Every structure is written in C-alpha cells, then in structure tokens.
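>>> Sequence plus predicted model, see below.
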Amino acid sequence: MKLALLLIFFNLANFRIANAQDWIATSILVAKTESVTFVVDLAKKQSDWLEKTINDISDPESINYQRYLTNEDIAENIGRTNEEIKAITKQFSNLCSYLCPMHAKTLVHKDYIEFKTCVARFECMFHSQLFYYKNPFRENFMVHIDKNNPIILDHILKQQGFSHSIRSIITGIDKIGHPAPPLRSTLIKTESASSERVDPLIAQSVYGTKSFSSKGLPKNNSQASQCTVDIEINYIPGEIITNFQNEFKLPVNPIDFIVVESSYFNSSGWETETLLDTEYISSITDLPTCGYLDGNNINFVTFVSYMMNRANAAKVVSFSYCNFENLWSPYLMDQANSEFQKLGIAGFTVLFAAGDAGTGNTAATGCNGVFSPEFPASSPYVAAVGATYLSTDLKNQHPWSNGGGGFSTHFKRPSWQNDAVSKYLESTPNLPDSSLFNSSGRGYPDLVGFGQNVLMLTQTGWEAVGGTSAATPMASSVISAFNAERLRLNKPPIGFFLPALYKLSGGLGYDVTSGNNYQFSGDGFYGSNTICRNGFPAASGWDASSGWGSPNLEALLKIF
C-alpha cells in the first residue's frame, strides 16, 4: 500500500490546524514497512514573482498579454539551484538511513522535493508516529501524525547554511494525502417540476456548441483538449459513458483516464461524481478528454507538477470539488493559489465548482451565522463556476438556490474585480447584512452552468441530478471549444481569462438577472433539511450568485 503525505512548513506563530472533517483518529499504528511519500517545500527564490507574472500575462493592456511561459522559465525564476537541492537532499538522505532506502525527486519547478521511504524511517527522521484515521461514511482509512509534536529542521539546515531556502518547521500533518480538509463532491440529486430537465442536446443549444466539431483540428494538441479531475476514487466508468453518448446520438468520445495508484481508496461512493463529470465534459463538445483519477485527496503541488510536465496536457482543467475556507489553513490556501498561478502563467484555464451550500450559511449554524465561502473556488486565480436552472419555457435561467457564491474571507478582492463588485454592492437592493460577509474579499462565482434537473446515466439507470458538479464540466467544455476555435484562428489559448472578462464587463453569454442563492437544504454533508433564506440576489452584470452568467461559444468569440 502506498501512502501519500504532504509535509507542510509553517511559521509556528501563525499556524492553524485544519479540521479533519469526517475522519476519526484511531490508536492503530501504521505498519513500519508501509511506504510513505512526503513533499518538502523549498522557499521560492522570488516569492512575489508568480503573482506579478500572472497579473502581467493576463492583463489585456500589457505587452506580455498571453505570452505564456514554459516550465523552464518558471523554474529559473522561483526554483532553487541544483547545488542547493543536492545539499538539502543529501541531508535528508543521511537521516535514519539504516532503516530502509529513500528516493528523492525534484518537482518540475524546483520549488519542492518529493521523498519516498518506509514508515519506520519517516517516524525516525521526524520523531513521530503515524496512526490511522477511520472514516465511518466511506469505510476507508487514512493516516495521521501526532500534530502536537512540531519537527524542527534547524539542525539540518544550519549545517549547510540553507535556512533561507527551506521553511524550518514541519507540523500540522493530521492526515495522509493532504493536511487540508477532504475536498467535497459538489453533486446532489435534484428533481424539480419548476425547472426543465437538462440533457446534452439542450445544453449544447444554450451554450452554442451544437454545430461545433473537432474535425480539422491538429491531433494531440493541448489547446484542443480538456480534462476533468476526480479524487478519492479509482472507478473507471467504461461503457456507461459510451451508452450515454449513444442515447443522444452524439459522437463517441472516449475518455483517456489517468489513474493515480491507491490501494486504500478503491471505492468512496463517488462513482456517480466521476460519471457526471465525464459524461458532460465529453458531450458538450467532441474534443479529446482526459479523466484524472486520484485515489487520494488531491495534492495540488504534485498534481500541478504532473500536469505541467505531461506532454500535450489539456489546457482546460475542470474540478467539481471544494470545501469551506474555514476548514483550510491559510498556508494551504496560499500554497494552492501559487500552484494555480503557475498553471495560468503556462496558459492553462482552471475551473472549480463553487459549491452546493449557497452562501455557506448552513443548517449547522441555525442559518444565522457568518457566511462560509468555498475554496478553491474563492481563489483569485481560478474561474469559479456557480449553477443555474432552466425555466420550463426553455428561455430563462435563474440561479440555483443552493449554488455557491459570495466573498472570500482569506483572499482580498483583486483589482480587476473592483469596478464590477463595487457596482454590485452599491446598487443592488436586498443584499444580506454586511456583517455576514467580507465585502472586500474576492467575489465569486465568475460564471455558471446548469446545476438542477441534469439527466445522467448511472450504474443503476437514468437519474436527474444537480449541483455545481454538473455545472463545472459543462462550462469547462464551452471554454475548451472556445480555445479550439482560437487555435483555428492561430490564436493562443485563453488561459487565465478573468481579468480580461471583467475588463470587458462580461458579455460571455446569458446574463442571469433574477433569482437568489439564499436557500440551503442539508443533504448529509451539512446537516438537516433546513432552509436558510439569506443569500445574494442576481443582478444585471456581475453578481455573487451567477457571476457574469452562462457562457455561449458565439458570444465568447465576439468579445475576445
């Protein structure tokens, strides 16, 4: 069994433990012979280079607009020298070497080193013990470390004088795979007589992709492909996707699955999530599609390193997962944010589901608490996708009442959002009380897709489901088609397009102007079936329940 562990390096004074949602610590020790992977964070050579560069490359008024950089460019500016990496690796390799071998790998941008060794050596190196967590809902185990025993690496660093190049405290590791909370699927079952049932043909019609075809596009071109990411799952759907496409007489579009090995997450009950993501991202368009399946909770550091080092990696990446910001440590959110910046610098577009808890004012707080924004959707460097439903006359869209939206409590509002968000906050009636949200934070979502009454084929038959899990792969596929059409015009991929979109004041398709994300019904993740009537109303232009609205391929080609 292979265990994946991310070691996080903190300034202890600012350290905050992330909650271990759903996981219960046990007293069972991990076998000494099991293997464990940990990642060492090397302080970046130029700590602000990523942020400055992505802001420059994504600014339509910059001379460097869409002049994307390579892995080598990124490594040259933020990575450590080969000599530094060699010295640090040697120091780690000398620790407890009598117990078992240890293998080291420098990640693509030279800002992290990944080590693999046995549990016995890991525990010896860091004076700790690895225990199991048990999850009563998934019948699986993860691993945690004694988080009350910070590990000081100064004795290693001072010998080589590298205290400037590596963070000196390892702590806060409370479970294997990721010290962050488990990312939560954004899929729920929905059936409503007040909204029209959505299938791929209806979605294609609304999104303007019905006549789109990948014919004539270059083969194996990253700009003309897309990828969806599913976690804590090893399930490969197989013929169900083909049957789904055949039902609607769509071109058969097989998925290229990338499976990250894991023997302890054989099934998490999220097979339906994988099906929904792959059925819709591969049916809105016929572009080549990959499915990245990670048996662990996603580790953004190793994921980004893998994707950016992969030949012809898809330039559009769709994630249908998130969790509340207050369950993450600030360090982890900032770390992930840096990884998203790398993707944007290289021309990738990353879209995240905005969540299915409305404002996050859930039943657990009695509907009176401060709103809980969702991360990674709240990151300023990803496109956050909310959800709408289609009216029965097929003409109008409204925010799905459970669709995630609001304002980050961690990330400040980026400058490119100022005009749109200020207008919304100053001119929109019936906003929630200002004490419930951080009006100076990054506002989300940025766009929406269908998230209610979405028809899909599961292992047991046809079902109507919903959530931003449905919306995100649909919106992602529209962006992929837009990228493909830009390729025909000899234009680069759209990459991190939010600054340009906000500068253009939207216009990406259908502007959702009525409705609200005030309602939340507990579905097992959040509590009982309680309805919270306090959310953000839709409005003309950008709003905190539907962003700029739903995308349309023809509209995108006009405004960009």
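Looks like it came in fine. Here the structure is a predicted model, which is why all the values come from computation and not from measurement.
>>> Distance-wise, check the nearest residue to residue 123 once chain neighbours are set aside relative to residue 34.
Nearest residue to residue 123, sequence neighbours excluded (C-beta to C-beta, 6 or more residues apart in numbering): residue 129, at 5.6 Å. Every residue, glycine included, has its C-beta placed from N, CA and C. The gap separating residue 129 from residue 34 is 13 Å, by C-beta to C-beta, to the nearest Å.
>>> helices or strands up against the helix or strand hosting residue 56?
Of the helices and strands defined by DSSP states H and E, residue 56 is found in helix 49-57. Applying 3 or more C-beta pairs under 8 Å, 6 or more residues apart in numbering; DSSP states H and E, we find helix 49-57 packed against helix 71-78, helix 330-345.
>>> what residue ranges in the stretch 151-300 of the chain are flagged as low confidence?
Where the stretch 151-300 of the chain drops to pLDDT under 70, the residues are 151-195, 232-235, 261-270, 295-298.
>>> Quick check: buried residues in the longest helix along the chain?
Ranked by residue count and defined by DSSP state H, the top helix of the chain is helix 468-488. Across helix 468-488, burial judged by 16 or more other C-beta atoms under 10 Å covers 468-487.
>>> go on, stretch 411-427?
Within stretch 411-427, the residues that count as buried by 16+ other C-beta under 10 Å are 411, 413, 414, 416, 417, 420, 421, 423, 424, 425.
>>> quick one: which of those residues sit in strands?
residue 411 (DSSP state E).
>>> of the buried residues of stretch 411-427, closest to residue 60?
Nearest to residue 60 among the buried residues of stretch 411-427: residue 416, at 9.8 Å, using C-beta to C-beta.
>>> other SSEs contacting the following helix or strand past the longest helix of the chain?
As assigned by DSSP H and E, the chain's next helix or strand after helix 468-488 is helix 498-503. With contacts defined as 3+ C-beta pairs under 8 Å, 6+ apart, helix 498-503 has no helix or strand neighbours.
>>> Contacts for helix 498-503, please.
Applying C-beta atoms under 8 Å, 6 or more residues apart in numbering, the external contacts of helix 498-503 come out as 55, 58-60, 380, 383, 414, 416-417, 419-420, 446, 508, 542, 548, 560.
>>> repeat that with 6 Å
58, 59, 60, 416, 417, 420, 446 (C-beta atoms under 6 Å, 6 or more residues apart in numbering).
>>> where exactly do the helices run in the stretch 51-200 of the chain?
71-78, 82-93, 119-126, 154-160, 200-207 (DSSP state H, counting those that start in this stretch).
>>> need the helices for the stretch 201-350 of the chain, in chain order.
Remark: helices assigned in the stretch 201-350 of the chain by DSSP H, counting those that start in this stretch are 239-247, 271-281, 300-308, 330-345.
>>> Adding mean neighbour count and distance to residue 400, write these out as TSV.
Formatted as TSV, the helices of the stretch 201-350 of the chain follow (neighbours: other C-beta atoms under 10 Å; distance: least, C-beta to C-beta, whole Å):
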stretch	mean neighbour count	distance to residue 400
helix 239-247	16	22
helix 271-281	26	15
helix 300-308	21	27
helix 330-345	22	25
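>>> So for residue 209, which of those sits nearest?
It is, among those and with distance given as C-beta to C-beta, helix 271-281, at 11.6 Å.
>>> helices and strands around that closest one, which ones?
strand 226-231, helix 239-247, strand 454-458, helix 468-488 (3 or more C-beta pairs under 6 Å, 6 or more residues apart in numbering; DSSP states H and E).
>>> so how far is residue 75 from the nearest residue to residue 59 once chain neighbours are set aside?
Distances taken as C-beta to C-beta, 6+ apart place residue 499 nearest to residue 59, at 5.7 Å, with adjacent residues excluded. Counting by C-beta to C-beta, the gap from residue 499 to residue 75 is 25 Å.
>>> Neighbour count for the two, which is higher?
The neighbour comparison of residue 499 against residue 75 (other C-beta atoms under 10 Å) goes to residue 499, with 22 against 17.
>>> Could you report the separation of the more buried one from residue 64?
Distance, residue 499 to residue 64, using C-beta to C-beta: 13 Å.
>>> Could you do residue 466 as well?
Using C-beta to C-beta, we find residue 466 at a distance of 40 Å from residue 64.
>>> now do the same end-to-end measure for stretch 352-369.
Taking C-alpha to C-alpha, to the nearest Å, stretch 352-369 runs 25 Å from one end to the other.
>>> hey, what's residue 388 bridged with?
Taking DSSP bridges as the rule, residue 388 bridges to residue 399, residue 450.
>>> what residues are up against it?
397, 399, 400, 448, 512.
>>> Mind putting those residues into CSV with distance to residue 340, neighbour count and pLDDT?
As requested, these are arranged in CSV below (distance: C-beta to C-beta, whole Å; neighbours: other C-beta atoms under 10 Å; pLDDT from 0 to 100):
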residue, distance to residue 340, neighbour count, pLDDT
397, 28, 27, 92
399, 25, 32, 92
400, 25, 32, 89
448, 20, 34, 97
512, 25, 24, 95
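>>> Among those, which one sits closest to residue 299?
Closest to residue 299 out of the contacts of residue 388 is residue 448 (28.4 Å), distances taken as C-beta to C-beta.
>>> Per-residue pLDDT of the residue lying closest to the closest one once chain neighbours are set aside, please?
Leaving out its chain neighbours, the residue that sits closest to residue 448 by C-beta to C-beta, 6+ apart is residue 386, at 4.4 Å. Residue 386 carries a pLDDT value of 96.
>>> Could you write out the alpha-carbon coordinates of the helix or strand hosting residue 386 in CSV?
Assigned by DSSP H and E, residue 386 falls within strand 383-390. Extracted in CSV, the C-alpha atoms of strand 383-390 (Å, rounded to 0.1, in the frame of the first residue of the first chain):
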residue,chain,number,x,y,z
ALA,A,383,-12.6,30.5,-12.6
ALA,A,384,-15.4,29.7,-10.1
VAL,A,385,-18.5,28.1,-11.6
GLY,A,386,-21.9,28.5,-9.9
ALA,A,387,-25.1,26.9,-11.1
THR,A,388,-28.4,27.9,-12.7
TYR,A,389,-31.6,26.1,-13.6
LEU,A,390,-33.6,26.4,-16.9
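>>> re the thing from before, elements contacting the longest helix of the chain?
Packing partners of helix 468-488 (3+ C-beta pairs under 6 Å, 6+ apart): helix 271-281, strand 316-319, strand 349-353, strand 383-390, strand 447-450, helix 553-559.
>>> Assess the claim that residue 375 and residue 327 are in contact.
No: between residue 375 and residue 327 there is no contact under C-beta atoms under 6 Å: 8.4 Å.
>>> These two: which is more packed in?
Between residue 375 and residue 327, residue 375 has the larger neighbour count (other C-beta under 10 Å), namely 29 against 18.
>>> Name all residues that make contact with the more buried one.
Contacts for residue 375 were tallied using C-beta under 6 Å, 6+ apart; they are 325, 328, 333.
>>> Export those residues as TSV, with columns for distance to residue 435 and pLDDT.
Compiled in TSV, the contacts of residue 375 are given as follows (distance: C-beta to C-beta, whole Å; pLDDT from 0 to 100):
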residue	distance to residue 435	pLDDT
325	17	88
328	23	81
333	23	88
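>>> And those residues, which is closest to residue 308?
Distances from residue 308 to these, taken by C-beta to C-beta, are shortest for residue 333, at 20.2 Å.
>>> now that closest one: how far from residue 326?
With distances taken as C-beta to C-beta, residue 333 is found 11 Å from residue 326.
>>> Kindly report the same for residue 217.
Noted for residue 217: a distance of 44 Å to residue 326, by C-beta to C-beta.
>>> again, but for residue 240
Here the criterion is C-beta to C-beta. By it, residue 240 lies 37 Å from residue 326.
>>> May I have the residues that are in contact with the closest residue in space to residue 512 that isn't next to it in sequence?
Leaving aside its sequence neighbours, residue 512 sits nearest to residue 546 (C-beta to C-beta, 6+ apart; 3.8 Å). Residues in contact with residue 546 (C-beta under 6 Å, 6+ apart) are 386, 399, 448, 512, 538.
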